[in-house]
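**Student:** coordinates for the following, if possible.
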Amino acid sequence: MPHTPRRPLLRPAIGRRALTAGLAVACLTAGTAAASPASRAAGPAVDLSITAQPAHLAPGSRGVQRLSVANAADRATTGPTLVSYATPAYTNIDRKKALPHGCRIAYSNADPIIPEVVTCLLPAGIAKGKDRAVDIPVTVTTRARLTGQVRGRASVLPAPGSKDVEADTNNNWTMAHLSVTRPTPATPPGNTVGLWLAQSDGVVDRDGKAELTLRYGNVGPHRTRDDAKIVLTTPLLIKVDTEEGLPRGCAFALDDRTPGVPQIVVCDRRVHGIEWEDDLTVPLTTQPGVPRGLTSGTALIAPADPGDVDADQTDNLSVAVVRVPARNASTQ
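**Tutor:** Residues are numbered from 1 along each chain as shown. From the prediction side, this is the model:
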């Protein structure tokens, strides 16, 4: 059954600067939440964490995004560890360089508005003070016509089947920042539009479910010729609630329910007249061990028609924040 948003979809637009919720801004510069630590699991546990070193690349250039995996527990991992990485906007995996040992491309898509996903299985033995580096080769495509931060998503968990138990997932995810530098490709000719995307935090209810609302519109100067594409990458241990169903016009690009691996949803949405806004509500559900406080994925809007050209991409990018109140600690 298609999901029905709880609010009417169409209404006059308000200024874009007022759309971004202050709570969401905090997660643009940090991937982990300042929240109460989760209760430690009974028995031996590991305490994994992940960080992503920002890369600085110009459109058309190649480089490496370094992920670092640590274990703060007194015991080393005894089984494999699963690392997942979703590329930042307008970025692809660099096929001209080999992936690290144990890594593979779990989802491939040449369209750089849709993330590619790499998963890595790190062998046992990650111990305190013996961090593991995972260097992901990436290339920023010339579809990037902006400077500044674009964001992907990285996470780490004990792999399915491992006997290791994670003590606290709050630092098991991070936003993988990439700084896009000059020179900036010229804007191609076409029908100039001004798409934007903002979001309101989803909040997990007592039943472990939430709704994430993405708001979008077009400030012109021209109407779009066709739909816009909205791309959502789910946060750590958050999945689409399939009982509710995806909204109209939406489909999975990647539907993987493995803990730690994101789902990717792509929606074709009609963009109404200039200076109007619309919204899209995606039903979500948690998986066991979901981080407390917040967990975040990524979101993007782009023209579906190659003839539509967005002259300024800086407001095409957003984050997909899900707030997890501490009351859910006893139910996850």
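**Student:** just the helices in the chain please.
**Tutor:** Here the chain has its helices, by DSSP state H, at 22-25.
**Student:** where does pLDDT dip in it?
**Tutor:** Residues of the chain that meet the criterion pLDDT under 70 lie in 1-43, 328-332.
**Student:** try it again with 90
**Tutor:** 1-44, 199-200, 272, 276, 326-332 (pLDDT under 90).
**Student:** count residues in the vicinity of the residue lying closest to A45 once chain neighbours are set aside, would you?
**Tutor:** Using CB to CB, 6 or more residues apart in numbering and skipping the chain neighbours, the partner closest in space to A45 is A167 (4.0 Å). In short, each C-beta sits where N, CA and C put it, glycine included. Counted with other CB atoms under 10 Å, the neighbours of A167 add up to 21.
**Student:** need the contact list for the residue lying closest to S179 once chain neighbours are set aside.
**Tutor:** In space, and not counting its chain neighbours, S179 is closest to H56: 4.6 Å by CB to CB, 6+ apart. The contact partners of H56, by CB atoms under 8 Å, 6 or more residues apart in numbering, come to G63, L178, S179, T181.
**Student:** one more: R257?
**Tutor:** Contacts of R257 (CB under 8 Å, 6+ apart): K239, Q263.
**Student:** distance-wise, check it relative to P160.
**Tutor:** As defined by CB to CB, to the nearest Å, R257 lies at a distance of 11 Å from P160.
**Student:** same thing with Q263?
**Tutor:** Q263 is 16 Å from P160, by CB to CB.
**Student:** the more surrounded of the two?
**Tutor:** Shown here are Q263 and P160; by other CB under 10 Å, Q263 has more neighbours (22 against 12).
**Student:** right, and the more buried one touches T242 too?
**Tutor:** No - in this structure, Q263 is not within contact of T242 by CB atoms under 8 Å, at 10.0 Å.
**Student:** any idea how many residues pack against the residue nearest to G161 when sequence neighbours are not counted?
**Tutor:** The shortest distance from G161 to any non-neighbouring residue, by CB to CB, 6+ apart, is to G79 (7.1 Å). Close neighbours of G79, defined as other CB under 10 Å, add up to 16.
**Student:** in this structure G79 contacts P123, no?
**Tutor:** No - contact between G79 and P123 fails when scored by CB under 8 Å: they sit 9.0 Å apart.
**Student:** show me which of the contacts of H56 are buried.
**Tutor:** By neighbour count, with 16 or more other CB atoms under 10 Å, those hold G63, L178 as buried.
**Student:** if we only consider the contacts of H56, which is nearest to G293?
**Tutor:** G293 has its nearest neighbour among the contacts of H56 in L178, at 24.5 Å by CB to CB.
**Student:** and for I264, the neighbour number?
**Tutor:** Neighbour tally, I264, other CB under 10 Å: 23.
**Student:** quick check, it in contact with L246.
**Tutor:** No - with contact defined as CB under 8 Å, I264 does not reach L246; the gap is 12.0 Å.
**Student:** find the residues that touch each one of those two.
**Tutor:** If you check I264 and L246 against CB under 8 Å, 6+ apart, the residues they both contact are F252.
**Student:** ends of stretch 148-168, what's the gap?
**Tutor:** 32 Å (CA to CA, to the nearest Å).
**Student:** before we move on, what about stretch 227-238?
**Tutor:** 27 Å.
**Student:** then stretch 162-175?
**Tutor:** Note: stretch 162-175 ends 25 Å apart using CA to CA.
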